[in-house]
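[1] quick check, what structure comes out for this input:
(2 chains)
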Amino acid sequence: MTRAFRDPVILLAVPAVLYLVLLYALPLSWLLAKSSTGPGGLTIKPYIDFFADPFNWRVVGNTLGSAFWVTVVCLAIGFPAGFALARAGALVQIAMLISIILPLSVGVVVKAFAWQIVLRRDGVVSQFLLAIGVWDEPQRLLFTEPGLVLGAANIFLPFMILPIYSVVKLIDPRLSEAGATLGATPLYRFLRVTFPLTLPGVVSGIAFVFSMSVSMYVIPSLLIGDRYQTLSTLTGRSFLFMRNEQLGSTTAVILLVLAVSIVVGSGWLAKRLGSTE
Amino acid sequence: MTAVERAAQALMWIAATVTVVFLMTPLVVTVAVSFGSSSVFTLPPPDWSLRWYDRLTNARGLWPSLVTSIEIASFSTAVALALGTLCAIALVRGRFPGREAISTFLVSPLMLPGLVIGIAMLQGFKAAGLREPLSSLMLAHVVITLPYVVRTVVGALSLFDFSLIDAARTLGCSYPKALTRVLVPALAPAFITSGMFAFLASMDNYPISIFFTDAWTKTLPIQMLQYVEENPDPTIAAISSGLVVLAILALVVGDRLVGLRKLADF
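    Numbering: from 1, shown residues only, chains lettered A, B, ... in the order given. All right, here's what the predicted structure looks like:
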């Protein structure tokens, strides 16, 4: 063990690690420590108080509910899109890559502002749904939950497509052909051969989109407003406007715990799915 | 082709079309509104006009915030490239325990809520006596640019054949020269991709920056959001269209230098 640590190359990692420890890990640990210490030492009172208030349960519900629906929409579009990106011809592939990378390089504020326009009563979505006959009269989606979900799903979709694409492009198409030679039907081949191989990508896509949706801040502030609070917007508001640092630290820690458990859980799941191949 | 295969093919086509249309909608709408004459975002615009671009020249606080954002992004990307590359070499070449833990730690700022990191840093910086907004922003942004560099350069280095450096030395190159002649060109695509995404992440960051800005020092996203909330007119669409053009330029340059497909594995 001690000899292993003598490898001089390790010194190259010191500046970066030290930087993050001082400016990131220590402040985070301090936030955690402060949020759970009261005048009499270690306490969970702030959390008991927080969950005693039914309004806060709504906040947690809004956070998880909107993140769930955003993930569902992203998965529904992103799963077939990941396949299309990996298997389509060169031209379609380029069109898809441009439409994935370009919006990623434009800021969230720009896209959320664009969705404010798209979701208006006379916006593109309303006009489209009128034209295909889903709606009888124009409706406003801005400042509603479906509007929030649609806008957020649009902004996070690339993070669902890319991990799925990266596993699909590695799947050997001959595997499915081998299944066909052995007499398996296409559906059976997809469900038993191809689909299980995509699972690590699907899990990491879900984890990306869900954790980003749980912590989104700019998107709900622009698309749904103050009446609909999530853990993230409540945290921001308590620090920036209400000057209620106690409440803000409590919600920040709940958000942190949620994010860490998504990362750890999905990492564990992806590893297990990867090793059963 | 069987019916099922044809259905799968059709589904893929539909998915591709829906994806392209859905993802491009916000950008197209922004550009269309910015060239329209209507101040209430009517689409399609009743008439074309450049009036929102005229307003850009005297949009309050816009240009200073753009300069601030570029300064912060340049500084934090440069620091991240330096620290991140050194660290990536250690992670790929080193034989010490805990390498996986270190690389997870370095990438973790991307996976945690920015708002929470921002609050923690705000309190930490305050306790350390750092109150100057610009330097706080620069130091804070390194934390979010570093992960991009570490992740991409580690990936590129693990594909690099280090015996090439030995080969260069056998052929008479000094060690530093072997590094600059062999290793640096091999890593160039990784530097470009990660540098680009790190820069954009810094330019775009809202949830960390919001805690360090004051009335005089604002970054572009914060100034823009304030603008949207105070006077929502298509001036903001004109700014956004400018940013879309910048993104297109970045994409073209990135495609020329490293290729679109490489950019997608950032």
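
[2] which strands and helices sit next to the host helix or strand of B:Gly195?
    Per DSSP states H and E, B:Gly195 falls inside helix B:184-204. Judged by 3 or more Cβ pairs under 8 Å, 6 or more residues apart in numbering or on different chains; DSSP states H and E, helix B:184-204 is in contact with helix B:62-93, helix B:133-159, helix B:220-230, helix B:235-258, helix B:260-264. In short, each C-beta sits where N, CA and C put it, glycine included.

[3] what about the helices in the stretch 101-250 of chain A?
    Taking DSSP state H, counting those that start in this stretch as the test, the helices found in the stretch 101-250 of chain A are A:108-118, A:124-131, A:145-156, A:158-168, A:173-181, A:186-189, A:195-214, A:218-223, A:231-240, A:245-275.

[4] rewinding a little: which outside residues touch the helix holding B:Gly195?
    Residues from elsewhere that reach helix B:184-204 (Cβ atoms under 8 Å, 6 or more residues apart in numbering or on different chains): A:104-105, A:107-109, B:69-70, B:72-74, B:76-77, B:80-81, B:84-85, B:141, B:144-146, B:148-149, B:151-153, B:155-157, B:160, B:164, B:220-221, B:247, B:250, B:254, B:257-258, B:262-263, B:266.

[5] hang on, the earlier thing: can you put the helices and strands packed on helix B:184-204 in a markdown table and add mean neighbour count?
    Listed next are the helices and strands packed on helix B:184-204 as a markdown table, based on neighbours: other Cβ atoms under 10 Å in any protein chain shown:
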| stretch | mean neighbour count |
| --- | --- |
| helix B:62-93 | 21 |
| helix B:133-159 | 22 |
| helix B:220-230 | 20 |
| helix B:235-258 | 18 |
| helix B:260-264 | 18 |
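
[6] now tabulate the ones you listed in TSV and tack on mean pLDDT.
    Formatted as TSV, the helices and strands packed on helix B:184-204 follow (pLDDT from 0 to 100):
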stretch	mean pLDDT
helix B:62-93	94
helix B:133-159	94
helix B:220-230	90
helix B:235-258	89
helix B:260-264	79
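
[7] B:Pro113 is nearest to which of the ones you listed?
    helix B:133-159 (12.0 Å; Cβ to Cβ).

[8] circling back: present the helices of the stretch 101-250 of chain A as a markdown table; the columns should include mean neighbour count, mean pLDDT and distance to chain B.
    Shown next, in a markdown table, are the helices of the stretch 101-250 of chain A (neighbours: other Cβ atoms under 10 Å in any protein chain shown; pLDDT from 0 to 100; distance: least, Cβ to the nearest Cβ, whole Å):
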| stretch | mean neighbour count | mean pLDDT | distance to chain B |
| --- | --- | --- | --- |
| helix A:108-118 | 25 | 93 | 3 |
| helix A:124-131 | 16 | 90 | 6 |
| helix A:145-156 | 23 | 96 | 6 |
| helix A:158-168 | 24 | 94 | 6 |
| helix A:173-181 | 13 | 84 | 10 |
| helix A:186-189 | 15 | 83 | 4 |
| helix A:195-214 | 22 | 93 | 6 |
| helix A:218-223 | 25 | 94 | 5 |
| helix A:231-240 | 23 | 93 | 6 |
| helix A:245-275 | 18 | 88 | 5 |
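
[9] of all those helices, which lies closest to B:Leu62?
    That would be helix A:108-118 among these, by Cβ to Cβ, at 12.9 Å.

[10] just checking, what packs against the closest one?
    helix A:124-131, helix A:145-156, helix A:218-223, helix B:3-34, helix B:220-230, helix B:235-258.

[11] now the angle from that helix to helix B:235-258?
    Angle between the axes of helix A:108-118 and helix B:235-258 is 130 degrees (criterion: axes from the mean of the first three to the mean of the last three Cα atoms, to 10 degrees).

[12] so what touches helix A:108-118?
    Residues contacting helix A:108-118 (Cβ under 8 Å, 6+ apart): A:103, A:123-125, A:142, A:147, A:150-151, A:154-155, A:218-219, A:222-223, B:25-27, B:29-30, B:33, B:41, B:43, B:204, B:206, B:221, B:224-225, B:228, B:232, B:236-237, B:240, B:243-244.

[13] and what of stretch A:19-34?
    Under the contact criterion Cβ under 8 Å, 6+ apart, stretch A:19-34 has outside partners A:249, A:252-253, A:256, B:83, B:105-106, B:109, B:112, B:116-117, B:119-121, B:123-125, B:127, B:139-140, B:142-143, B:146.

[14] mind running it again at 6 Å?
    The contact list for stretch A:19-34 (Cβ atoms under 6 Å, 6 or more residues apart in numbering or on different chains) reads B:Ala120, B:Met121, B:Gly124, B:Val143.

[15] OK, contacts around the last one?
    Residues counted as contacts of B:Val143 (Cβ under 6 Å, 6+ apart) are A:Leu23, A:Tyr24, B:Pro109.

[16] I'd like those as TSV, with neighbour count, distance to B:Asp47 and secondary structure appended.
    Shown next, in TSV, are the contacts of B:Val143 (neighbours: other Cβ atoms under 10 Å in any protein chain shown; distance: Cβ to Cβ, whole Å; DSSP: H, G, I helix; E, B strand; the rest coil):
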residue	neighbour count	distance to B:Asp47	secondary structure
A:Leu23	20	51	helix
A:Tyr24	24	51	helix
B:Pro109	22	47	helix
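
[17] pLDDT for the residues you listed - can I get that in TSV?
    What follows is the contacts of B:Val143, written out as TSV (pLDDT from 0 to 100):
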residue	pLDDT
A:Leu23	95
A:Tyr24	96
B:Pro109	93
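
[18] next, format these as CSV and append distance to B:Gln9.
    Below are the contacts of B:Val143 laid out as CSV (distance: Cβ to Cβ, whole Å):
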residue, distance to B:Gln9
A:Leu23, 51
A:Tyr24, 47
B:Pro109, 41
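
[19] with respect to A:Gln93, which of these is nearest?
    Distances from A:Gln93 to those, taken as Cβ to Cβ, are shortest for B:Pro109 (31.5 Å).

[20] picking that back up, relative to A:Lys45, which of the helices and strands packed on helix A:108-118 is closest?
    Of these, the one closest to A:Lys45 (Cβ to Cβ) turns out to be helix A:218-223, at 28.5 Å.

[21] put the alpha carbons of that closest one into PDB.
    This file holds the C-alpha atoms of helix A:218-223, laid out as PDB (Å, rounded to 0.1, in the frame of the first residue of the first chain):
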ATOM      1  CA  VAL A 218     -34.500  29.000 -14.300                       C
ATOM      2  CA  ILE A 219     -37.000  26.900 -16.200                       C
ATOM      3  CA  PRO A 220     -39.800  26.900 -13.500                       C
ATOM      4  CA  SER A 221     -39.200  30.600 -12.700                       C
ATOM      5  CA  LEU A 222     -39.900  31.500 -16.300                       C
ATOM      6  CA  LEU A 223     -42.500  28.900 -17.300                       C
END
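
[22] chain center to that helix: distance?
    Counting by Cα atoms, centre = their mean, to the nearest Å, helix A:218-223 is centred 15 Å from the centre of its parent chain.

[23] ok, now stretch A:95-114?
    Worked out by Cα atoms, centre = their mean, stretch A:95-114 lies 16 Å from the chain centre.

[24] need the phi and psi values for A:Gly38.
    In terms of degrees, to the nearest 10, the main-chain angles of A:Gly38 are phi -110, psi -170.

[25] give me the nearest residue to it, chain neighbours excluded.
    A:Lys45 (5.9 Å; Cβ to Cβ, 6 or more residues apart in numbering or on different chains).

[26] state which helix of chain A is the longest.
    helix A:54-87 (DSSP state H).

[27] give me the neighbour count for the residue nearest to A:Gly38.
    Look at A:Lys45: counted by other Cβ atoms under 10 Å in any protein chain shown, it has 11 neighbours.
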